[in-house]
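Peer 1: show me how the following folds:
(one chain, ligands or ions: 3)
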Amino acid sequence: MQRLSKQCLSIIQTRPQNSHKGTFGRTVLVGGNAQFGGAIMMSAEACVNAGSGLTTVMTDPSNHPALHARMPEAMTVDWNDKELCDSVLDSADVILIGPGLGEDKKSQDLLSYIFQKQKEDQLLVIDGSAITLFAKGNEQLPYPTQTIFTPHQMEWQRLSGVKIADQTEENNQKEQKKLQATIVLKSHHTEIYSNQGRFQNPLGNPGMATGGTGDTLAGIISGFLAQFPDTVDATNAAVYLHSYIADQLAHDNYVVLPTKISQALPYWMKKFEH
Ligand SMILES: NC(=O)C1=CN([C@@H]2O[C@H](COP(=O)(O)OP(=O)(O)OC[C@H]3O[C@@H](n4cnc5c(N)ncnc54)[C@H](OP(=O)(O)O)[C@@H]3O)[C@@H](O)[C@H]2O)[C@@H](O)CC1
Ligand SMILES: Nc1ncnc2c1ncn2[C@@H]1O[C@H](COP(=O)(O)OP(=O)(O)O)[C@@H](O)[C@H]1O
Ligand SMILES: [Mg+2]
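Peer 2: Ligands and ions are numbered 1, 2, ... in the order given. Okay, here's the model as predicted:
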């Protein structure tokens, strides 16, 4: 397994003068039921700060005022308004589904709807409850090689059937090959399994063990996929930078708040700009 290094951040290039919002991608984030609105808000804060050109959040309407108050850069769509959802999804480059989605019938219907809408040139990131729902269901991935799962170890156990204690490189790689999707297996030493190779993140700290850190990573991955052409390079860079920033924050903070990682993204991306 290849250890990630600062080298993976070389994809963060100086932006061309001749550019506009669309140059840096359109991302649609789907999640945040009434109970877990914070999850999709953290994904949105991460995605915007990661540099996504346009970020739209498809979520329960109860979250709209709070999201506008916290992150006016993100646009909101009521996930019950199918006509508006159709048009927003049609122009997306990257779709993220799962943070705070929940696991009830409505959540399942939303996952099925996204599967119906995904086009072959769109990337789909599946996180949180959407992993659990997919694992329980019997739907097929529309475009496996256009899909990135971001499970923690229990979500991976549900998806792969491999118990946490048996999640070895060999077993994980075998299951990734079956799925053909890219897998970001999150833990205290996160690993990335893909058709282009296997990578390990050497960074991270226990201050990250708090709700929202994974929602935040999903937002950074989505924002990087919207900007940078290679899926695995963008995913590796997102995983590495997410932990790098958390490690900087951990010098002076006992717990690393996920939103502080997001707020520090523009500063560190400028530092690493090539
Ligand atoms: N502010 C918000 O709105 C937030 C909303 N959130 C949203 O909540 C939704 C559910 O996501 P989830 O991860 O919290 O719950 P679930 O998938 O049931 O897994 C937990 C179970 O698995 C077990 N477990 C064993 N190993 C584990 C491991 N390595 N990592 C993690 N768990 C591990 C664990 O065992 P235990 O800790 O009890 O020993 C427990 O029994 C999802 O949509 C997410 O986006 C959260 O992001 C938080 C902030
Ligand atoms: N002890 C730890 N050391 C390093 N990273 C950790 C540690 N504990 C959790 N993390 C990181 O925090 C995130 C947890 O993801 P997840 O459980 O999905 O969080 P969320 O509550 O946002 O859903 C992952 O990126 C994981 O790598
Ligand atoms: Mg999670």
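Peer 1: quickly find the element holding the closest residue to residue 2 other than its chain neighbours.
Peer 2: Once flanking residues are discounted, residue 2 sits nearest to residue 199: 5.0 Å by Cβ to Cβ, 6 or more residues apart in numbering. Placement of C-beta: from N, CA and C, glycine included. Per DSSP states H and E, residue 199 falls inside strand 197-200.
Peer 1: that strand near ligand 2 anywhere?
Peer 2: No - Strand 197-200 lies apart from ligand 2 when judged by Cβ under 6 Å from any ligand atom; the minimum separation is 11.7 Å.
Peer 1: this protein against ligand 1: which residues are in contact?
Peer 2: 36, 38-39, 98-101, 128-129, 132, 152-155, 164, 211-212, 214-215.
Peer 1: can you check which helix is longest in the protein?
Peer 2: helix 231-250 (DSSP state H).
Peer 1: around ligand 2, which positions in the chain sit nearby?
Peer 2: Of all the residues in the chain, those lying near ligand 2 are 128, 152, 186-188, 190, 204-206, 208-209, 211-215, 217, going by Cβ under 6 Å from any ligand atom.
Peer 1: from residue 181, how far out is the residue nearest to residue 2?
Peer 2: Residue 199 sits at a distance of 15 Å from residue 181 (criterion: Cβ to Cβ, to the nearest Å).
Peer 1: repeat that for residue 264.
Peer 2: Counting by Cβ to Cβ - residue 264 and residue 181 are separated by 29 Å.
Peer 1: phi and psi next, for the closest residue to ligand 2 within the stretch 1-150 of the chain.
Peer 2: Nearest residue of the stretch 1-150 of the chain to ligand 2 (Cβ to the nearest ligand atom) works out as residue 128 at 5.5 Å. Main-chain dihedrals, residue 128, degrees, to the nearest 10: phi 50, psi -130.
Peer 1: cool, and residue 203?
Peer 2: phi -100, psi 170.
Peer 1: can you tell me the closest non-neighbouring residue to it?
Peer 2: Nearest non-adjacent residue to residue 203 (Cβ to Cβ, 6+ apart): residue 243, at 3.6 Å.
Peer 1: right, and that neighbour touches residue 190 too?
Peer 2: Yes - between residue 243 and residue 190 a contact is recorded at 7.3 Å, counting by Cβ atoms under 8 Å.
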